[in-house]
Every structure is written in structure tokens, then in C-alpha cells.
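> no sequence on this one, just coordinates:
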């Protein structure tokens, strides 16, 4: 017995092929809406098939031996596909153990995901406090936060080097206006011509623009001020202006 959608039967014009004997038949001739009626029809068809088989064997024996032997024919049983139904089962202790095991594995998977993505999550303001608590418990070290928009240049100046004629001196002061300690940025200096096109550019790492004795790993505390004094080559007369950026 099979549950077949009507739309599928309409598309095939009711024709179907038996998967066992490969016979093509019209499904609409064997279509039932009621499951009990279908079972009765199936049982009746099975009984008629058994009787036909029995009569064929009797005829074969009678034609060959002339006598009929006594046969016992047992009705073969075939599996019946019935619609699946939900059944209420009592809750057992093993079921609770499986449930707690699934929850524990799910929680462990979540902790692993947070651990391997802690660097990216630590940069998110919403996740930072949670990651800090997790690292305090697991004794791990997080990278410093960075918010370049809170780094403000207080003063800037570019002038000729007092000794080297082909060099310039860059003086700048910037402050950390954020409420947290953040990493020292990469300091970028660009020289631009009158049309706004870049003429020269140089990037300085914290170790290049900070003085000796500064703990770079400790970062910039809130309100900290950094003085930058750098010597660079003169980009030439094509450079009309300059700008500072943080990366």
C-alpha cells in the first residue's frame, strides 16, 4: 500500500508500474480513501491469489498423477505500509541523560567558537566585556581595542630640517579621546599636490615614532597624549600640502 498525491497521479494519467513485476496498471482502479476499506480489499485480493495458486497446483498434480494430494496452503503475509503517527512515550532516566549530554556538547561547542574567534569578538563593543570575563577565567590575553575615530590630532606642523637641506621635520601631537585604553596606531603622512593627487606617502609603526622607554604593548590610556617628531625626505616642490592619518 502506498500514499500517492492526487496531483502526481493526474500528471501520469493514473498510470503506474509495479516495482516488483513491472506490470503497468491504472491506479485510479485501485484508489481508496478509507484505510480500513483498503485493508479489506487487499486481504480479499491476497486470498483470491492464494486460492488461484492452490487451484493451479491441484490441476497440475491431477493432470500428471491423476490423483489429488492434500495441500495445506498458508496465507502469506506481506508488510503493510501504514501512516506514521506520534505516540506518547513515558519519560525515562536515560532520556534525561541524553538531553543533558546534548546540552553539554552544545555549550562546549559554543565556548570553542568564542575561544577561536575571541580576537574578532574582542573588537566589538558589545562582546568585549563578555570576552574579558571569559579570558579572566581562562587566564588568556586579549589584544587592545582600537577606535581610530577617537584619536584626535591636537597640533601638526611640517618644516624644513635645520641641518639636512633635503629633509623635512614632522611634528604632531595626538590624543586618545576614548574611554578605554587602545593600541598605538600606525601613523601615516601623505604629501599632496595642488590637484589633490598624492605625491609621497610614508607609514610609521609605533616603534618608529615613539620614544625609548615607552611600553607599546600597554597601549594608550584614556586621555593620553603622544608627541611625534619624525624626519622624512623632502618630496619636492610638487607637494603643496600634507595630511595625517591613523591606521
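Done, it's in. What you are looking at is a predicted structure, and each value in this text was computed from that prediction instead of being measured.
> can you name the element that comes right after the helix or strand of the chain with the lowest mean pLDDT?
Here the helix or strand of the chain ranked lowest by mean pLDDT, DSSP states H and E is helix 118-122, holding a mean of 66. Sequence-wise, the next helix or strand downstream of helix 118-122 (DSSP states H and E) is helix 128-138.
> against which helices or strands is that next one packed?
Counting contacts by 3 or more CB pairs under 8 Å, 6 or more residues apart in numbering; DSSP states H and E, helix 128-138 is packed against helix 93-116, helix 118-122. (Each C-beta comes from the backbone N, C-alpha and C, glycine too.)
> by mean pLDDT, show me the worst of the ones you listed.
Here those differ in mean pLDDT, and the lowest is helix 118-122 at a mean of 66.
> pLDDT below threshold where in this structure?
1, 6, 11, 61-89, 114-115, 118-125, 127, 138-139 (pLDDT under 70).
> quick one, helices of it?
In the chain, the helices defined using DSSP state H lie at 6-11, 35-65, 93-116, 118-122, 128-138, 206-209.
> out of the ones you listed, nearest to residue 22?
With CB to CB as the criterion, residue 22 lies closest to helix 35-65 of the helices of the chain, at 17.6 Å.
> any idea how this protein splits into domains?
For the chain, automatic domain parsing gives the domain ranges 6-65, 95-138, 148-246.
> got CSV for the ones you listed, with mean neighbour count too?
Converted to CSV, these look like this (neighbours: other CB atoms under 10 Å):
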stretch, mean neighbour count
domain 6-65, 11
domain 95-138, 12
domain 148-246, 14
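> distance of residue 157 from residue 56?
Residue 157 sits 113 Å away from residue 56, going by CB to CB, to the nearest Å.
> and for residue 205?
Following CB to CB, the distance that separates residue 205 from residue 56 is 97 Å.
> residue 7 now?
40 Å.
> and what of residue 159?
116 Å.
> repeat that for residue 40.
Counting by CB to CB - residue 40 and residue 56 are separated by 25 Å.
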